[in-house]
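# Predicted model and sequence follow; I will ask about them next.
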Amino acid sequence: MARQDPRHPDDTARAEGQSSRASLEGVPVEAGRNYIPRNDPHAPPRLDPRPGTPVTALPRLSAETLKWTDVGVAVPGYARTGLSPGIVHLGLGSFHRVHQAVVADDALARGERDWGIVGVSLRHARVRDALAPQDGLYTLGLRDASGLRLRIIGALIGILVAPEDPEALIARIAAPRTRLVTLTVTEKGYGWDAGRGRLDRGD
């Protein structure tokens, strides 16, 4: 397999990220450590606890490689096949992936199978192109005083790119199984009055 740089944001494996940040990495990695094969000759490499060379030859996260996830990484505790797309989310950004999608993932884990998410990219296909080869799976990393916890989120079951197929988006919103159409408004959605140092509520 080809060598991958864990520091590069487009690689399938990346060094550990910041607190509460969703990444598009594959099997979670630690910078400055190397990976050694498991006993299973068909399994991908896994983390060697000894400091060593940079990460090499990591497989991309997908439904197929999910079964090889390292011990200690939480994986979806439910079958993703047959989930109902109950949520259409407009704007498939990081804030949604580390908050709302996690709530949906918790509901799915409780057996509430109507809360699969169809994410919609409103401007470009970059997020779709990154997540589609991973079957919508991605890793959430949470860091606090107790350390780093890694969890693979499985609630995203479909991705649409609005400019490519607006009719498909309309059809998905109007579908009988769609229960919620949601969006997240982050800091870029608010007007800021720099002169007075406060929100412009008239904007």
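On my side now, so go ahead.
# show me where pLDDT drops low in the chain?
Within the chain, the stretches with pLDDT under 70 are 1-58, 203.
# And the helices in it?
For the chain, applying DSSP state H gives helices covering 94-98, 100-109, 126-131, 166-174.
# Ok, which of those helices comes nearest residue 159?
Each of these has some distance to residue 159 by C-beta to C-beta; the shortest is helix 126-131, at 4.4 Å. Where C-beta positions appear, they are placed from N, C-alpha and C, glycine not excepted.
# What is the burial count for the residue nearest to residue 104 when sequence neighbours are not counted?
Sequence neighbours aside, residue 155 is the residue nearest to residue 104 in space, at 4.1 Å (criterion: C-beta to C-beta, 6 or more residues apart in numbering). By other C-beta atoms under 10 Å, 27 other residues sit near residue 155.
# so residue 155 touches residue 98, yeah?
No - contact criterion C-beta atoms under 8 Å: residue 155 and residue 98 do not qualify, at 11.8 Å.
# which strand residues sit across from the residue nearest to the spatial centre of the chain in the sheet?
Centroid-nearest residue in the chain: residue 138, 3.2 Å away (criterion: C-alpha atoms, centre = their mean). With DSSP bridges as the criterion, residue 138 is bridged to residue 153.
# That one contacts residue 119, correct?
No - here residue 138 lies out of contact with residue 119, judged by C-beta under 8 Å, at a distance of 11.0 Å.
# Give me the common contacts of these two.
residue 156 (C-beta atoms under 8 Å, 6 or more residues apart in numbering).
# ok now stretch 85-99, how far from the chain's centre?
Put simply, stretch 85-99 sits 10 Å off its chain's centre (C-alpha atoms, centre = their mean, to the nearest Å).
# ok, residue 135 - how many residues close by?
Residue 135: 17 neighbours (other C-beta under 10 Å).
# let me fix that: residue 102
Count around residue 102 with other C-beta under 10 Å applied: 18.
# Residue 140 is in contact with that one, correct?
Yes - at 6.5 Å, residue 102 counts as touching residue 140 under the criterion of C-beta under 8 Å.
# what touches both of those two?
151, 153.
# Residue 183: which of the helices of the chain is closest?
Nearest to residue 183 among these is helix 94-98 (8.4 Å), distances taken as C-beta to C-beta.
# For that closest one, C-alpha coordinates in CSV please.
What follows is helix 94-98 as a C-alpha-only set of coordinates in CSV (Å, rounded to 0.1, in the frame of the first residue of the first chain):
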residue,chain,number,x,y,z
SER,A,94,-18.6,19.9,11.0
PHE,A,95,-20.9,21.4,13.5
HIS,A,96,-23.8,19.1,12.4
ARG,A,97,-21.5,16.0,12.2
VAL,A,98,-20.3,16.4,15.8
